[in-house]
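Novice: Need a 3D model of the following:
(chains A and B, ligands or ions: 2)
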Amino acid sequence: MENMKPDSKVMLRMTNIRKSFTGCEVLKGIDIEVKKGELLAIIGPSGSGKSTLLRCINMLETIDDGSIAIEGEYLAKEGAYVSGDKARKLLGRTGMVFQQFNLFPHMTVMENLLEAPMQVKEMKREEVLPLAKELLSKVGLSDRENYYPSQLSGGQQQRVAIARALAMKPDIMLFDEPTSALDPELTGEVLKTMRELAAERMTMVVVTHEMAFAREAASKVIFMADGNIVEQGSPNEFFDHPKEERTKAFLRNML
Amino acid sequence: MENLVHTVVLMLEGTRVTLEIFFITLLLALPIGLLASLGRLSKFRPLSLFMEFYIWIMRGTPLMLQLLFVYFALPMIGVMLPDIAAALLAFTLNYAAYFAEIFRSGIQSIPKGQYEAAKTLGMTYPMTMRRIILPQVIRIVLPPVSNETINLVKDTSLIYILAMNDLLRVARTIVQREFDMTPFVVAAVFYLAMTFVLTWLFKKLEAYYGKYET
Ligand SMILES: Nc1ncnc2c1ncn2[C@@H]1O[C@H](COP(=O)(O)OP(=O)(O)O)[C@@H](O)[C@H]1O
Ligand SMILES: [Mg+2]
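Specialist: Ligands and ions are numbered 1, 2, ... in the order given. Just a heads-up that it's a prediction; the model follows:
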């Protein structure tokens, strides 16, 4: 905790993150820092390690080396995650939205939202209900609370997934290509929800291929390739005056 | 006519034995099969190897042989079981193995994303299994479980060789004594009635557990 104290406003700090899959190093010493209320956009070609980086934050993968601290508290220090209970408490401060939504198909929209607060936090249905309803109205799906996921469009499902994650009141929201599985005409509604979340100063880390969204909503953009951070900066610097050849080539391809 | 009534009454008694074997086997084999499938999927190698071995033996040898083994071989090594218990032991071990394989493939067919979503929401593994995975597995395994259950109705007739008065044995006794084929027909009707009820029941269950599908 010592060296992380000075800036208490740093919500997420990852230092020298390394990760290999069976001998192949996919994260080669990544450093990132996200301050409270910031939106960090991570872009880069497929296979560059973006998902893996995100998944190390909530222990869907485990790092080999480096440190992760959430608001100054170590989740992992020099490659070793802290023990069970402490880790679970810290993980409770992050929420995750997946490319494939991963809603629980056997539960209605409302049940999807109530599930974790009721099971994990052992809250009563009546206690969670007001928040759940508020979140559904926030993502514009109040009239769908009794639908099953299979009865919703992809965009609606993803908005439910965002609401479901928010129902656990996380401090940091992680998004792994939240619009990549959607038809183009449905990405807008999901990005709109995310923009509104950003406007409420939610701290967010977003892996995305939506350059327009990154440019306009991000506080900082990181470009990753082959497990390294190639370049980072404010959206304006990054998109208008990229320094690295790799970045320029990538951006040319995306536009 | 009077004869037929008499036959049916005798056979109802045989049906009771058949139903007893059927229900108790089902009641035991389903939970044991579930536990066996979890053991089979366990990351603890000795456990998963043991379960694989158990399932292999049970599915790789005839149920008839297993029955005979429990009935005749166990007493030779000093394990004395009442007839019905011996039959139940063999049936349960056999059917639990089949159910375990059905549950295993059902569990494995649930996408990894379901576990990941549950984990990122803070749910523990037992919680995830109970609330997220198993309810979906039930929907997937209902059709094959239904098949096995109907097989079980018919397999109960194997206890015929153990000299227990099940439906089939009662029917044969009467046929031999009275030289009349009616008991076989009555037995067929009884078996059909049981499988009919089961088919109907499983259809209802599939509709109930599948209500989230469109
Ligand atoms: N579970 C895994 N096992 C083995 N290799 C993996 C695994 N997950 C990802 N990888 C590999 O790690 C690299 C980075 O993957 P990923 O983080 O998904 O990249 P991105 O999200 O930027 O497309 C890829 O080469 C991928 O094949
Ligand atoms: Mg990815």
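Novice: rest of the way, CA atoms for contacts and neighbours
Specialist: Fine.
Novice: A:Arg18 belongs to a strand?
Specialist: Yes - using DSSP: H, G, I helix; E, B strand; the rest coil, the assignment for A:Arg18 is a strand.
Novice: gap between the top helix by length along chain B and the chain center?
Specialist: Taking DSSP state H as the criterion, chain B has its longest helix at helix B:2-41. In terms of Cα atoms, centre = their mean, to the nearest Å, the centre of helix B:2-41 is found 8 Å from the chain centre.
Novice: helix or strand right after it?
Specialist: helix B:45-60 (DSSP states H and E).
Novice: can you count the residues close to the residue in chain B positioned nearest to ligand 1?
Specialist: Using Cα to the nearest ligand atom, the single residue of chain B nearest to ligand 1 is B:Lys112, 11.2 Å away. B:Lys112 sits with 10 neighbouring residues when counted by other Cα atoms under 10 Å in any protein chain shown.
Novice: Next, it: phi, psi?
Specialist: phi -60, psi -30 (degrees, to the nearest 10).
Novice: Just the pLDDT at B:Ala147, thanks.
Specialist: Check again: residue B:147 is Asn, not Ala. Note for B:Asn147: predicted pLDDT of 94.
Novice: Does it belong to a helix, a strand or coil?
Specialist: helix.
Novice: sorry, back to before: give me the distance between the residue of chain B closest to ligand 1 and A:Arg88.
Specialist: Noted for B:Lys112: a distance of 20 Å to A:Arg88, by Cα to Cα, to the nearest Å.
Novice: How about the residues of chain B by ligand 1?
Specialist: Not one residue of chain B sits near ligand 1, judged by Cα under 6 Å from any ligand atom.
Novice: That should have said chain A, apologies.
Specialist: A:Phe21, A:Val26, A:Ser46, A:Gly47, A:Ser48, A:Gly49, A:Lys50, A:Ser51, A:Thr52.
Novice: lowest-pLDDT helix or strand in chain B?
Specialist: Across the helices and strands of chain B, mean pLDDT, DSSP states H and E gives its lowest value to helix B:167-178, namely a mean of 84.
Novice: angle of the very next helix or strand once past that helix against helix B:167-178?
Specialist: For helix B:167-178, the following helix or strand on the C-terminal side (DSSP H and E) is helix B:182-209. If you take axes from the mean of the first three to the mean of the last three Cα atoms, to 10 degrees, helix B:182-209 sits at 160 degrees to helix B:167-178.
Novice: Give me the buried positions along helix B:182-209.
Specialist: For helix B:182-209, the neighbour count (16 or more other Cα atoms under 10 Å in any protein chain shown) marks B:182-184, B:186-187, B:190-191, B:195, B:198-199, B:202, B:205-206, B:209 as buried.
Novice: can you check stretch B:152-161 too?
Specialist: Neighbour-count burial for stretch B:152-161 [16+ other Cα under 10 Å]: B:Leu152, B:Val153, B:Lys154, B:Asp155, B:Thr156, B:Ser157, B:Leu158, B:Ile159, B:Tyr160.
Novice: Check stretch B:19-33 too.
Specialist: Using 16+ other Cα under 10 Å as the burial criterion, the residues of stretch B:19-33 that qualify are B:Leu19, B:Glu20, B:Ile21, B:Phe22, B:Thr25, B:Leu26, B:Leu28, B:Ala29, B:Leu30, B:Ile32, B:Gly33.
Novice: so where is chain A shaky, pLDDT-wise?
Specialist: The model of chain A has pLDDT under 70 over residues A:1-8, A:255.
Novice: show me where it has helices.
Specialist: Under DSSP H, chain A gives helices at A:50-57, A:84-91, A:109-119, A:125-138, A:154-166, A:184-199, A:211-217, A:235-240, A:245-254.
Novice: Pick the most deeply packed of those.
Specialist: helix A:154-166 (a mean of 25; mean count of other Cα atoms under 10 Å in any protein chain shown).
Novice: Give the other helices and strands that it contacts.
Specialist: With contacts defined as 3 or more Cα pairs under 8 Å, 6 or more residues apart in numbering or on different chains; DSSP states H and E, the packing partners of helix A:154-166 are strand A:94-97, helix A:109-119, helix A:125-138, helix A:184-199.
Novice: sorry, back to before: now the longest helix of chain B and helix B:167-178, what's the angle there?
Specialist: Going by the same axes, to 10 degrees, helix B:2-41 makes 150 degrees with helix B:167-178.
Novice: Which elements pack onto helix B:2-41?
Specialist: Checking 3+ Cα pairs under 8 Å, 6+ apart, helix B:2-41 ends up next to helix B:45-60, helix B:83-108, helix B:134-155, helix B:167-178, helix B:182-209.
Novice: Nearest to A:Leu114 among these would be which one?
Specialist: Nearest of those to A:Leu114, taken as Cα to Cα: helix B:134-155 at 16.6 Å.
Novice: now the closest one, how far from the centre of its chain.
Specialist: 9 Å.
Novice: Tally up the residues packed near residue 123, please.
Specialist: In the absence of a named chain, this looks at chain A. 15.
Novice: Correction: the question concerned chain B.
Specialist: 24.
Novice: and the residue of chain B positioned farthest from its centre, what does it touch?
Specialist: Residue farthest from the centre of chain B, counting by Cα atoms, centre = their mean, is B:Thr120 at 37.0 Å. B:Thr120 makes contacts with A:Asn58, A:Leu60, A:Leu91, A:Gly92, A:Thr94, A:Gly95, A:Met96, as judged by Cα atoms under 8 Å, 6 or more residues apart in numbering or on different chains.
Novice: which one of those is nearest A:Lys36?
Specialist: Closest to A:Lys36, out of all of the contacts of B:Thr120 and judged by Cα to Cα, is A:Thr94, at 12.8 Å.
Novice: who does the residue nearest to the spatial centre of chain A bridge with?
Specialist: With distances taken as Cα atoms, centre = their mean, A:Leu174 lies nearest the centre of chain A, 1.1 Å away. Beta bridges link A:Leu174 to A:Met96, A:Val205 when assigned by DSSP bridges.
Novice: wait, doesn't it sit right on A:Met204?
Specialist: Yes - A:Leu174 lies in contact with A:Met204 (Cα atoms under 8 Å); the separation is 5.9 Å.
Novice: which residues does the nearest residue to A:Leu166 once chain neighbours are set aside contact?
Specialist: Among residues not flanking A:Leu166 along the chain, A:Gly95 sits closest, at 6.9 Å (Cα to Cα, 6 or more residues apart in numbering or on different chains). Taking Cα under 8 Å, 6+ apart, we find A:Gly95 in contact with A:Ala165, A:Leu166, A:Met168, A:Pro170, A:Asp171, A:Ile172, A:Met173, A:Leu174, B:Thr120, B:Leu121.
Novice: pretty sure the last one contacts A:Ala165?
Specialist: Looking back up the chat, that one is B:Leu121. Yes - look at B:Leu121 against A:Ala165 with Cα under 8 Å: they come within range, at 6.8 Å.
Novice: what is in contact with these two at once?
Specialist: With Cα under 8 Å, 6+ apart as the test, B:Leu121 and A:Ala165 both reach A:Gly95, A:Met96.
Novice: OK, contacts around the residue nearest to the centre of chain A?
Specialist: By Cα under 8 Å, 6+ apart, A:Leu174 lies in contact with A:Leu54, A:Thr94, A:Gly95, A:Met96, A:Val97, A:Met204, A:Val205, A:Val206.
Novice: Could you do A:Val82 as well?
Specialist: Counting by Cα under 8 Å, 6+ apart, A:Val82 has contacts A:Tyr74, A:Leu75, A:Ala76.
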